[in-house]
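Peer 1: structure here, sequence nowhere to be found:
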């Protein structure tokens, strides 16, 4: 029997996962959320699968100590490389962002030609491709690692000429493949939504894994009868480092100021 | 009495410090070098000074266990934030890249108007400014954090239209201040040399802290009579992660392939 009043844990490599928190706050305002961002070791997207798996287990272990009822891996890189191994080790359910993103892409695409952008590690894992082909084996999936989008979003340069030029470089080959859906497979990319949409053009629908994941969490809580029936949820934020750029960045990703932050060591 | 045949340790947050190794190999071919790159936690330039200091001590402790005679902090961010605290804890000499870079800038500048580019942490520390004003108090120092240059160099986009546009954005305000010297205060920036020089124009001399540091190491070994008198030195490379992009990146920074690499945990 699950105690529904326990919080939901959200784990990310840094601050980008606050875009998933934002979607969860909108979809499930009564839930208590505990966020962990491994800001001392961010980014994960350029590391080896082995190191990502080790760091993911360390973060999950910390979040388990806060008595969460469900763990959400907000980071696409973690979800793509480490979710099955992690889930087999934990006693609570673990949801990632890949399956919801793939589900959203498969439901949205008419032509079955789907593009994926993400970090180098996410693209190398082929996790999105597998999750899409499991649902719709006739699909054609085209992938493009887009690592520069992350520092562009962190620098606050999402809607600059530089961002437009970078987007043209990364998206050009996908657009040429006549995709009709593009999955934003990294927590940072929703900030680049207008720029990416401009370059992709009006015929390509963007699927954001953050909102898809919030919907999946809601379905999960519903089906396991573990929704929090309290009034208004809370948000606790734990970070492994609090860098000087934290306040500006956190505000941009979350869409509102972050009230309380605590530093922890993993 | 220093045993001259002991190796020199070179510590960097990632692979960028291989530009310093390259300069050392050119200047001091008889020395044995032990390189440590903290690739599992790179970059340091966006972290807080407190976390950078902790990571720097952990890396230095590992290198000390390899019996080095001298420690070179190849990373500007480490040198700017952690060198004095680290030096007071170690029993061997520690050289950073800030003092040699500042020395080079002061010797090169005629007008005394000097520009500095570096990571956010390096610029925030004001270490270059202090080191320059200590030597030439009449100088005017203009600083600009340029964080996007690092991922551009790592992506191999050093000589693209994107790099040119980013360089114009960062360097524009410095050029407007009529600087006559620009210090490349990050190990990655030498890869962007042609692009930065193109944007800076012919009247601005670029000072690369890597070559300045190699010269300083040579002076130090000379004055302490601890040069290795052997024939040909060796290079051992230790990394905390070996990411898939390692071979390409290491080759670009070092200017030749890296022969042997070992993974270590700090």
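Peer 2: Noted; the coordinates are in hand. Keep in mind that this is a model prediction, so the values were computed, not measured. Numbering: from 1, shown residues only, chains lettered A, B, ... in the order given.
Peer 1: could you list the low-pLDDT ranges of the stretch 1-150 of chain A?
Peer 2: A:1-2 (pLDDT under 70).
Peer 1: next, the closest residue in space to residue A:41 that isn't next to it in sequence: phi, psi?
Peer 2: Leaving aside its sequence neighbours, residue A:41 sits nearest to residue B:41 (Cβ to Cβ, 6 or more residues apart in numbering or on different chains; 4.8 Å). (Each C-beta comes from the backbone N, C-alpha and C, glycine too.) Note on residue B:41: its backbone torsions stand at phi -130, psi 0 [degrees, to the nearest 10].
Peer 1: could you do residue A:236 as well?
Peer 2: phi -110, psi 130.
Peer 1: how about it, nearest residue that isn't a chain neighbour?
Peer 2: residue A:34 (4.9 Å).
Peer 1: so which strand or helix has residue A:117?
Peer 2: strand A:113-118 (DSSP states H and E).
Peer 1: what's next to that strand, contact-wise?
Peer 2: With contacts defined as Cβ atoms under 8 Å, 6 or more residues apart in numbering or on different chains, strand A:113-118 is touched by A:45, A:76-77, A:80, A:105-106, A:123, A:128-129, A:132, A:139-146, A:149, A:170-171, A:174, A:177-186, A:189, A:204.
Peer 1: would you confirm that residue A:122 contacts residue A:46?
Peer 2: No. Using Cβ atoms under 8 Å, residue A:122 is not in contact with residue A:46; the gap is 10.8 Å.
Peer 1: higher neighbour count, those two?
Peer 2: More crowded of residue A:122 and residue A:46, by other Cβ atoms under 10 Å in any protein chain shown: residue A:122, with 28 against 24.
Peer 1: quick one: residues contacting that one.
Peer 2: Residue A:122 sits next to A:45, A:76-77, A:80-81, A:128, A:145, A:185-186 when contact means Cβ under 8 Å, 6+ apart.
Peer 1: 10 Å - rerun?
Peer 2: Residue A:122 makes contact with A:44-45, A:75-81, A:97-98, A:116, A:128, A:143, A:145-146, A:185-186 under the criterion Cβ atoms under 10 Å, 6 or more residues apart in numbering or on different chains.
Peer 1: how close does it sit to chain B?
Peer 2: 12 Å (Cβ to the nearest Cβ, to the nearest Å).
Peer 1: quick one: the helices in chain A?
Peer 2: Remark: helices assigned in chain A by DSSP state H are A:18-27, A:49-64, A:76-87, A:98-108, A:120-125, A:127-135, A:149-154, A:161-176, A:193-200, A:209-223, A:246-254.
Peer 1: ramachandran angles for residue A:5?
Peer 2: Phi and psi for residue A:5, reported as degrees, to the nearest 10, are phi -80, psi 0.
Peer 1: from residue A:234, how far out is it?
Peer 2: Taking Cβ to Cβ, to the nearest Å as the measure, residue A:5 falls 11 Å from residue A:234.
Peer 1: give me the domain ranges for chain A.
Peer 2: Here the domain assignment for chain A is A:8-97+A:211-263, A:98-209, based on automatic domain parsing.
Peer 1: CSV for the ones you listed, including distance to residue B:196?
Peer 2: Converted to CSV, those look like this (distance: least, Cβ to Cβ, whole Å):
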stretch, distance to residue B:196
domain A:8-97+A:211-263, 23
domain A:98-209, 16
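Peer 1: residue A:121 contacts residue A:150, doesn't it?
Peer 2: No. Using Cβ atoms under 10 Å, residue A:121 makes no contact with residue A:150, being 11.8 Å away.
Peer 1: I figured residue A:78 hits residue A:60, correct?
Peer 2: Yes. Here residue A:78 reaches residue A:60: they are 9.2 Å apart, a contact under Cβ under 10 Å.
Peer 1: shared neighbours of the two, anything?
Peer 2: Listed as contacting both residue A:78 and residue A:60 by Cβ under 10 Å, 6+ apart are A:11, A:86.
Peer 1: more neighbours: those two, which one.
Peer 2: Neighbour tally, residue A:78 and residue A:60, criterion other Cβ under 10 Å: the higher count belongs to residue A:78, 29 against 25.
Peer 1: residues touching the closest residue to the more buried one other than its chain neighbours, list them.
Peer 2: Sequence neighbours aside, residue A:56 is the residue nearest to residue A:78 in space, at 4.8 Å (criterion: Cβ to Cβ, 6+ apart). Residues in contact with residue A:56 (Cβ under 10 Å, 6+ apart) are A:11, A:13, A:38, A:44, A:73, A:75, A:77-79, A:81-83, A:85-86.
Peer 1: residue A:225: which of those is nearest?
Peer 2: residue A:73 (22.9 Å; Cβ to Cβ).
Peer 1: what does the stretch 101-250 of chain A put close to chain B?
Peer 2: Counting by Cβ under 10 Å from any Cβ of the partner chain, the stretch 101-250 of chain A comes close to chain B at A:120-121, A:124, A:145-152, A:154-155, A:157, A:160-166, A:168-169, A:240-246, A:249.
Peer 1: if we can go back for a sec, and the strand holding residue A:117, which strands flank it?
Peer 2: strand A:140-145 (parallel), strand A:181-185 (parallel) (DSSP bridges).
Peer 1: just say which of the ones you listed is most tucked in.
Peer 2: Of all the strands paired with strand A:113-118, strand A:181-185 carries the top mean neighbour count, a mean of 28, counting by mean count of other Cβ atoms under 10 Å in any protein chain shown.
Peer 1: now that one against helix A:209-223, angle please.
Peer 2: 80 degrees (axes from the mean of the first three to the mean of the last three Cα atoms, to 10 degrees).
Peer 1: right, so of the helices of chain A, which gets closest to residue B:52?
Peer 2: Evaluated over those, closeness to residue B:52 peaks at helix A:246-254, with 14.9 Å, by Cβ to Cβ.
Peer 1: against which helices or strands is that closest one packed?
Peer 2: Helix A:246-254 sits against helix A:18-27, strand A:33-37, helix A:149-154, strand A:235-239, strand A:261-263, with contacts defined as 3 or more Cβ pairs under 10 Å, 6 or more residues apart in numbering or on different chains; DSSP states H and E.
Peer 1: could you dump those into JSON lines with mean neighbour count added?
Peer 2: Below are the helices and strands packed on helix A:246-254 laid out as JSON lines (neighbours: other Cβ atoms under 10 Å in any protein chain shown):
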{"stretch": "helix A:18-27", "mean neighbour count": "22"}
{"stretch": "strand A:33-37", "mean neighbour count": "25"}
{"stretch": "helix A:149-154", "mean neighbour count": "25"}
{"stretch": "strand A:235-239", "mean neighbour count": "21"}
{"stretch": "strand A:261-263", "mean neighbour count": "13"}
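Peer 1: show me the one of the ones you listed that comes nearest residue A:195.
Peer 2: Among these, helix A:149-154 comes nearest to residue A:195, with 8.9 Å by Cβ to Cβ.
Peer 1: pull out the buried positions in stretch A:110-119.
Peer 2: By neighbour count on 16 or more other Cβ atoms under 10 Å in any protein chain shown, the buried set for stretch A:110-119 is A:112-119.
Peer 1: let me redo that: stretch A:64-76
Peer 2: Of the residues in stretch A:64-76, A:68-76 count as buried by neighbour count, 16+ other Cβ under 10 Å.
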